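A.B. asks: Quick one, structure for this:
(4 chains, ligands or ions: 4)
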2 protein chains.
Amino acid sequence: MLGEKGNSKSSEMQKKMGDFVAKCRQNGLKITPQRMAVYRALLESKEHPSAEMIFRTVKEVFPSVSLDTVNRTLLTLDEIGVAFIVEGSGDSKRYDANLGDHQHFKCVKCKRIVDFHHKPFDNIKVPKSIGENFIVLRKTVYIEGICDLCAKKQN
Amino acid sequence: MLGEKGNSKSSEMQKKMGDFVAKCRQNGLKITPQRMAVYRALLESKEHPSAEMIFRTVKEVFPSVSLDTVNRTLLTLDEIGVAFIVEGSGDSKRYDANLGDHQHFKCVKCKRIVDFHHKPFDNIKVPKSIGENFIVLRKTVYIEGICDLCAKKQN
DNA sequence: TACTATATAGTAGTCTATCCTATTTGTTCG
DNA sequence: CGAACAAATAGGATAGACTACTATATAGTA
Ligand SMILES: [Mn+2]
Ligand SMILES: [Mn+2]
Ligand SMILES: [Zn+2]
Ligand SMILES: [Zn+2]
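C.D. replies: Ligands and ions are numbered 1, 2, ... in the order given. Have a look, this model is predicted:
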């Protein structure tokens, strides 16, 4: 049972890594170990990590990796559409490689980003005034406030 | 005609400044000329300015004002609820003192923030999983992409 | 007017992200 | 395979956006 779960998870990961390789080739990008490691670290994290967080993770396997490479790679992931920068209120960039339908709640105190999925928020219809004049790349419902952990602290 | 428009606009501004003074008193905040100038500058701008933009504007009237004061004041405006930080994808903070129902489109190239108002996007119903566990302070529909001006440049 | 807590100016420091350049490496093609 | 070349990286410098610190100034008040 546990073994099977582990295998299915690992094969799912392998599929995603394979798709990523294909996507890189489509975009004329080289398959470098650093690029792979950054994407894998992002995929495996559930906390919408910053570049610095990814940097620390990748460094464990790749001690000589530079922060610049991590930053550049994360921007590339966004550009080719395999990840995106999570919306927020002016804090440092946070990334997400989960392209499935979902939305985010962000805590203004601890900056934690919590996934949730509310079907009515998928497929937002952009009004004509925007859709006809601008190229829409991303649309979502954004909710921010104070998370349970931070609310407790305040009392 | 022009005179009347000017007067009505100026009296509307005066009302908002009066409300702001009241709000400061409610929150035990002193009425300082710097604080007034920052709030006025934000009210008069339609471009969702950054702290730096506000700083430059306030400096014209108040040459000795410091950037730190502007930053602190803008955060205070957010805290007491007379303004807020516009949502975005990891760029520098941008502020808005327009509390009326509206939403934003942000250009990922030039960082321009465009107001729009689509009634179905007002009064978003927060799902229970969020509303029951977290304190919601702000909720909105966020749209980003490439604006008309930047789209032209690319061709 | 005098007192006190708050706010400010000026500056130093921190954190994030980007730029620069010499070197390395993935990919292509013979 | 084994060059050849363009793309990518490491490491350090630089820039930009806040944030912290501290001595001084000032708004609110009694
Ligand atoms: Mn997510
Ligand atoms: Mn606005
Ligand atoms: Zn929190
Ligand atoms: Zn633009």
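
A.B. asks: rest of the way, CA atoms for contacts and neighbours
C.D. replies: Fine.

A.B. asks: Strands along chain A, start to end?
C.D. replies: Under the criterion DSSP state E, chain A contains strands at A:84-85, A:95-96, A:103-107, A:113-116, A:135-146.

A.B. asks: Take the ones you listed and write them to JSON lines, including distance to A:Leu42.
C.D. replies: JSON lines is the format used below for the strands of chain A (distance: least, Cα to Cα, whole Å):
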{"stretch": "strand A:84-85", "distance to A:Leu42": "11"}
{"stretch": "strand A:95-96", "distance to A:Leu42": "7"}
{"stretch": "strand A:103-107", "distance to A:Leu42": "17"}
{"stretch": "strand A:113-116", "distance to A:Leu42": "14"}
{"stretch": "strand A:135-146", "distance to A:Leu42": "20"}
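
A.B. asks: Kindly reformat these as CSV containing mean pLDDT, mean neighbour count and distance to A:Leu29.
C.D. replies: Shown next, in CSV, are the strands of chain A (pLDDT from 0 to 100; neighbours: other Cα atoms under 10 Å in any protein chain shown; distance: least, Cα to Cα, whole Å):
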stretch, mean pLDDT, mean neighbour count, distance to A:Leu29
strand A:84-85, 98, 21, 18
strand A:95-96, 98, 23, 20
strand A:103-107, 98, 22, 30
strand A:113-116, 98, 17, 30
strand A:135-146, 97, 19, 22
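
A.B. asks: Compare those strands and report which one is nearest to chain B.
C.D. replies: Taking Cα to the nearest Cα, strand A:135-146 is the member of the strands of chain A nearest to chain B, at 4.3 Å.

A.B. asks: the inter-axis angle of that closest one versus strand B:135-146?
C.D. replies: If you take axes from the mean of the first three to the mean of the last three Cα atoms, to 10 degrees, strand A:135-146 sits at 160 degrees to strand B:135-146.

A.B. asks: thinking again about what came up before, out of the strands of chain A, flag the one nearest A:Asp78.
C.D. replies: Nearest of these to A:Asp78, taken as Cα to Cα: strand A:84-85 at 4.7 Å.

A.B. asks: so, in contact with chain B or not, that closest one?
C.D. replies: Yes: Strand A:84-85 lies within reach of chain B by Cα under 8 Å from any Cα of the partner chain, at A:Ile85.
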